[in-house]
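# Fold the following.
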Amino acid sequence: AALAALQNGDFEKAIENYKELLKRKPNDKVAKLGLAQVELLARTKGGDLKAVATEAIANPNNIEVQIKCADLEVVSGQLEPAFSRLINCVKITAGDERELARKHLLSLFDLIDPTDPVLIKARAALASALF
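Residues are numbered from 1 along each chain as shown. Predicted coordinates:
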């Protein structure tokens, strides 16, 4: 049902269907990945990477803009800039903002093949930024 909704461009219905499946099968890795992917697509729908990147450059301390830009970069296949952007947020912020950037970065990591060299490098950089 989630895949059918996704094929119809109904991200909200696909999200709802994946969440229903996860209620029944909480450890279903395919459903977890599907949900994360659809949530990313829903967040970036209609987004203009160039415009958001310009806004992110102008507002380096605005975590919400940095997250939005990172999402669009990931969807565009630009993993390194996306990860670097959020790792920098972890470095320059504290408290709730830092935690928001960290959690969002981890959610993006979950979308990438664990053996991807870009991901491995980003995980090491995050660890360094945290400690």
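# going forward, measure contacts and count neighbours with C-alpha atoms only.
Will do.
# For the helix or strand encompassing residue 40, which residues meet the burial criterion?
Residue 40 belongs to helix 29-44 when assigned by DSSP states H and E. For helix 29-44, a neighbour-count test (16 or more other CA atoms under 10 Å) marks 31, 32, 34, 35, 36, 37, 38, 39, 40, 41, 42, 44 as buried.
# Was I right to think the fifth one contacts residue 111?
Yes - in this structure, residue 36 is within contact of residue 111 by CA atoms under 8 Å, at 7.0 Å.
# show me what contacts the most centrally placed residue in the chain?
Nearest residue to the geometric centre of the chain (CA atoms, centre = their mean): residue 108, 3.5 Å. For residue 108, the contact set (CA atoms under 8 Å, 6 or more residues apart in numbering) comprises 71, 74.
# Okay, and it sits in which element?
helix 95-109.
# Heading C-terminal from that helix, find the next helix or strand.
helix 117-130.
# Let me know the distance separating the closest residue to residue 15 other than its chain neighbours from residue 64.
Among residues not flanking residue 15 along the chain, residue 35 sits closest, at 5.9 Å (CA to CA, 6 or more residues apart in numbering). Per CA to CA, to the nearest Å, residue 35 is found 21 Å from residue 64.
# what do you get for residue 52?
11 Å.
# Between these two, point out the one with more neighbours.
residue 52 (18 against 14; other CA atoms under 10 Å).
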